[in-house]
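K.L.:
below: sequence and its predicted model.
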Amino acid sequence: MTTRREDWDQRLHALIEHTRCTPFAWGAQDCCQFARAAILAQTGHDPAAAWGLQPYQSALGAARELRRLGGLAALPARAGLA
């Protein structure tokens with residue numbers, strides 16, 4: 001299990017504030033990318049770095065990528081968080 005940085009709370013707060021001002025965009029600023037960025041901000045570890053992610057720019061592309069990765073429910077375990 002990856003541990004949090006000492007300043008994880010400030011980093012997460014900064015990410016949330018940045019995200020509040022950033023428009024939604026598939027593959028760049030969506031729910032899965034936010035979760036990934038939140039883990040990175042808190043731990044310094046990108047949980048998806050070795051997954052060979054395929055770029056997507058639509059809901060259909062996101063669904064295909066999630067299916068390729070085993071589905072949304074599989075992502076926490078895949079990231080070492082479950």
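P.N.:
Great, that's in hand. These numbers were taken from a predicted model, which means no experiment stands behind them. Numbering: from 1, shown residues only.

K.L.:
output the below-cut-off pLDDT ranges for this protein.
P.N.:
Applying pLDDT under 70 to the chain flags residues 1.

K.L.:
contacting residues around the residue nearest the centre of the chain?
P.N.:
Central residue of the chain (C-alpha atoms, centre = their mean): Arg36, 1.6 Å from the mean position. Counting by C-beta atoms under 8 Å, 6 or more residues apart in numbering, Arg36 makes contact with Asp46, Pro47, Ala48. C-beta: built from backbone N, CA, C; applies to glycine.

K.L.:
repeat that for Leu69.
P.N.:
Trp51, Leu75, Arg78.

K.L.:
adding neighbour count, write these out as CSV.
P.N.:
Listed next are the contacts of Leu69 as CSV, based on neighbours: other C-beta atoms under 10 Å:
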residue, neighbour count
Trp51, 15
Leu75, 19
Arg78, 14
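
K.L.:
pick the one among those closest to Asp7.
P.N.:
Leu75 (25.4 Å; C-beta to C-beta).

K.L.:
my guess is that closest one meets Cys32, correct?
P.N.:
Yes - using C-beta atoms under 8 Å, Leu75 makes contact with Cys32 at a distance of 7.5 Å.

K.L.:
between the two, which contacts overlap?
P.N.:
By the contact definition C-beta under 8 Å, 6+ apart, Leu75 and Cys32 are jointly contacted by Leu66.

K.L.:
picking that back up, which of the contacts of Arg36 fall in helices?
P.N.:
Judged by DSSP state H, the contacts of Arg36 include no members of helices.

K.L.:
turn the residues you listed into TSV, columns for neighbour count and distance to Glu6.
P.N.:
As requested, the contacts of Arg36 are exported to TSV (neighbours: other C-beta atoms under 10 Å; distance: C-beta to C-beta, whole Å):
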residue	neighbour count	distance to Glu6
Asp46	13	19
Pro47	18	20
Ala48	17	24
